[in-house]
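Trainee: test case, fold it:
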Amino acid sequence: IRDIAHRSDIPKWLKDDIKHNLQNKLHRCAGPEDLVTAERIWNNCKDMGDISGAFKEQMWIFMGELKEFFNAGGLDDKINDAIGKGEPDGAAKPLMEAFFHEKHAGHAQSRLASLGKLRQHIKDWSETVEHGEVMQR
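Mentor: Numbers count the residues shown, from 1 in each chain. Sure thing, here's the model as predicted:
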């Protein structure tokens with residue numbers, strides 16, 4: 001965040017906002033509330049034409065890293081991440097995709113049924129792999 005706060009291609013008000021409300025707080029005692037501050041800063045500058053694209057790209061990357069650090073990604077992010085990594089196993093992919101679809105388009109009953117199938121598969125899978133492998137995932 002220090003590199004982002006001290007860029008030469010952003011206005012002083014933005015540098016000060018990042019430095020005083022995010023950078024100093026992160027250095028003292030990082031907490032999930034810093035996600036709210038980062039999102040506020042992002043929302044204040046994302047559509048401004050006088051803010052460089054390079055800054056916006058770095059700020060977006062930083063926000064993703066901050067979410068990952070606090071394990072604050074949403075369920076959609078976690079499902080997509082697991083699908084991309086092929087976790088927990090190949091047979092789970094269609095179950096995750098089905099749940100993802102039902103989560104966004106299905107009714108409550110179909111969402112619960114899809115979630116139940118996915119949970120059962122993960123439970124069964126976790127009982128077949130070595131203990132250390134499950135703990136890492």
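Trainee: ok, Ser114 to Asp81 distance?
Mentor: Distance from Ser114 to Asp81, counting by C-beta to C-beta, to the nearest Å: 18 Å. Just so you know, the C-beta spots here come from the backbone N, C-alpha and C atoms, and that holds for glycine as well.
Trainee: those two: who's more crowded?
Mentor: Remark: of Ser114 and Asp81, Ser114 carries more neighbours, 20 against 12, as counted by other C-beta atoms under 10 Å.
Trainee: my read: that one touches His107, true?
Mentor: No: here Ser114 does not reach His107: they are 10.7 Å apart, not a contact under C-beta atoms under 8 Å.
Trainee: the helix or strand containing His121 packs against which elements?
Mentor: His121 belongs to helix 108-126 when assigned by DSSP states H and E. Counting contacts by 3 or more C-beta pairs under 8 Å, 6 or more residues apart in numbering; DSSP states H and E, helix 108-126 packs against helix 92-105.
Trainee: which secondary structure elements does the helix it packs on contact?
Mentor: Applying 3+ C-beta pairs under 8 Å, 6+ apart, we find helix 92-105 packed against helix 75-85, helix 108-126.
Trainee: how close does the residue positioned nearest the centre of the chain get to Cys45?
Mentor: The centroid of the chain falls nearest to Gly73 when counting by C-alpha atoms, centre = their mean (3.0 Å). To Cys45, Gly73 is 22 Å away according to C-beta to C-beta.
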